[in-house]
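J.: sequence first, predicted model second:
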Amino acid sequence: MALTGELLLVVNPGSTSTKVALYRGETVVAGASLDHSGAPWATSREVIDQLPHRVRMVREFLKEHGIGPGSLVGIVARGGLLRPVRSGAYLVNEAMVADLRDGVGGRHAANLGGLIAWELSSEGRIPSFIVDAVSVDELGPEARLSGFPSIPRKSLLHALNIRACARRASRDLGRDLAGLYLVIAHLGGGFSICPFYRGAMRDVNNSNEEGPFTVERAGTLPALALLELWRRLGGRELKHRLTSRSGMFGYLGTKDARAVEKKAKEDRHTRVVWEGLAFGVAQEICAMAASYPEKLDAVVLTGGLANSADFVAMVREYTGFLGRHLVYPGEDEMEALAAGALRVLRGEETTRVYPETEAV
């Protein structure tokens, strides 16, 4: 049955699937997770090689629902690894497409989001956007100092879910976003823990490089020992291990937090790692709470690990003194993407143009 009315297409590419949904206003009218984990092309070393196949699958989804170009009021996609940008919605344009193709900020499946939107929009003839990309950079000048002048700290974070949670906290607390001081901890495969101060994400641990160890990432490591490891393994292998074979997985051989939580009840080593995961998160939350000399309005816990009452309780045992805690388990990236696009389509926010002409 063909859908009618002005529809917004949301596209969220992941490593093994592409999530798509059609929104009419705030309502989802159709959606699917287009799995391609078993497709021969999905194993390509270069993510960009997957683009035509993913575009074809999304076109087939639209065809199944009788959707032609004239039925779409816009397209919004997950933002990729770009040059530093600000929060909000950016129009997908030729400059952005070139940077996503070139992998200017790195290679990642998220880079395909803006490219898929561009292809489906007939190269810009239908408005297409990205919202709150992972490369959002709102760090203050003091937060950029690493201690080594030639290595500035970089902003890389789960901006989409963090800002969605900040808006939700604003509603729940009955306070304007511009007046809030929150510490928001996104706890998924990677962790993003940041002080959200007066509407901006003013610092963050880039979990590819620093902060607590995560489900699969090493976090901050002793520098001299790391140098010796680089000499032994080489840069490429070390980077792979640090970002996908370390953390909880490195200690226990699994990335399944639910299985770890269960086993931790009977195995001492597993319990130590499980508690250590929470301990590191709590330490980072407390550090970020010291970013400004003001009383915190709330700590917000979100992401997949926030579904675990045991994990949340362990974190709160250390951070309870900070005050109110809000727990928003999981993440709804599709809804957050749709909401961001709707705000600009309705004129509630201004569409930004990539790249930024002023320093971020």
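T.: Sure, I can see it. Numbering: from 1, shown residues only.
J.: which residues touch residue 163?
T.: By Cβ atoms under 8 Å, 6 or more residues apart in numbering, the contact list for residue 163 reads 87, 132, 201, 336. C-betas here are computed from N, CA, C, even on glycine.
J.: and residue 128, by the same measure?
T.: Neighbours of residue 128 in contact, by Cβ under 8 Å, 6+ apart: 74-77, 91-92, 114, 117-118, 120-121.
J.: are any of the residues you listed buried, and if so which?
T.: Buried members of the contacts of residue 128, scored by 16 or more other Cβ atoms under 10 Å, are 74-77, 92, 114, 117-118, 120-121.
J.: closest to residue 258 among those?
T.: For residue 258, the nearest member of the buried ones among the contacts of residue 128 is residue 77. The distance, counting by Cβ to Cβ, is 29.8 Å.
J.: rewinding a little: can you flag which of the buried ones among the contacts of residue 128 belong to strands?
T.: 74-77 (DSSP state E).
J.: from the contacts of residue 163, which is closest to residue 298?
T.: Nearest member of those to residue 298, counting by Cβ to Cβ, is residue 201, at 15.2 Å.
J.: still on that earlier bit, scan the contacts of residue 163 and report the most crowded one.
T.: residue 132 (27 neighbours; other Cβ atoms under 10 Å).
J.: my guess is it contacts residue 82. True?
T.: No. Residue 132 is beyond contact range of residue 82, at 11.8 Å (criterion: Cβ atoms under 8 Å).
J.: can you give me the buried ones in stretch 42-61?
T.: 42, 47, 50-51, 54-55, 57-58, 61.
J.: can I get those residues in TSV with secondary structure?
T.: Shown next, in TSV, are the buried residues of stretch 42-61 (DSSP: H, G, I helix; E, B strand; the rest coil):
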residue	secondary structure
42	helix
47	helix
50	helix
51	helix
54	helix
55	helix
57	helix
58	helix
61	helix
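J.: in JSON lines, list those residues along with pLDDT and distance to residue 216.
T.: Converted to JSON lines, the buried residues of stretch 42-61 look like this (pLDDT from 0 to 100; distance: Cβ to Cβ, whole Å):
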{"residue": "42", "pLDDT": "75", "distance to residue 216": "20"}
{"residue": "47", "pLDDT": "86", "distance to residue 216": "18"}
{"residue": "50", "pLDDT": "93", "distance to residue 216": "22"}
{"residue": "51", "pLDDT": "94", "distance to residue 216": "26"}
{"residue": "54", "pLDDT": "94", "distance to residue 216": "24"}
{"residue": "55", "pLDDT": "95", "distance to residue 216": "29"}
{"residue": "57", "pLDDT": "95", "distance to residue 216": "27"}
{"residue": "58", "pLDDT": "96", "distance to residue 216": "28"}
{"residue": "61", "pLDDT": "96", "distance to residue 216": "30"}
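J.: just to revisit the earlier point, just give me the closest of the ones in strands among the buried ones among the contacts of residue 128 to residue 28.
T.: Of these, the one sitting nearest to residue 28 (Cβ to Cβ) turns out to be residue 76, at 13.3 Å.
J.: that closest one bridge partners, please.
T.: Here residue 76 sits in beta bridges with residue 10, residue 129, going by DSSP bridges.
J.: which ones are touching it?
T.: Going by Cβ under 8 Å, 6+ apart, residue 76 touches 8-11, 89, 117, 128-131, 337-338, 340-341.
J.: again, only using 7 Å
T.: Taking Cβ atoms under 7 Å, 6 or more residues apart in numbering, we find residue 76 in contact with 8, 10, 129, 131, 337-338, 340-341.
J.: and the residues you listed, which is closest to residue 249?
T.: Of the contacts of residue 76, the one sitting nearest to residue 249 (Cβ to Cβ) turns out to be residue 337, at 28.5 Å.
J.: quick check: buried residues in stretch 294-302?
T.: Buried residues in stretch 294-302 (16+ other Cβ under 10 Å): 296-302.
J.: narrow the residues you listed to those in helices?
T.: Among these, none falls in helices (DSSP state H).
J.: low-scoring pLDDT stretches of the stretch 251-360 of the chain, where are they?
T.: The model of the stretch 251-360 of the chain has pLDDT under 70 over residues 359-360.
J.: which parts of it are helices?
T.: 257-263, 268-289, 309-319, 333-345 (DSSP state H, counting those that start in this stretch).
J.: where does the stretch 1-150 of the chain dip in pLDDT?
T.: Low-confidence segments of the stretch 1-150 of the chain, defined by pLDDT under 70: 1-5, 45, 69, 123-124.
J.: now do the strands in it.
T.: Secondary structure of the stretch 1-150 of the chain by DSSP state E, counting those that start in this stretch: the strands cover 7-13, 17-24, 27-35, 72-78, 89-91, 128-131.
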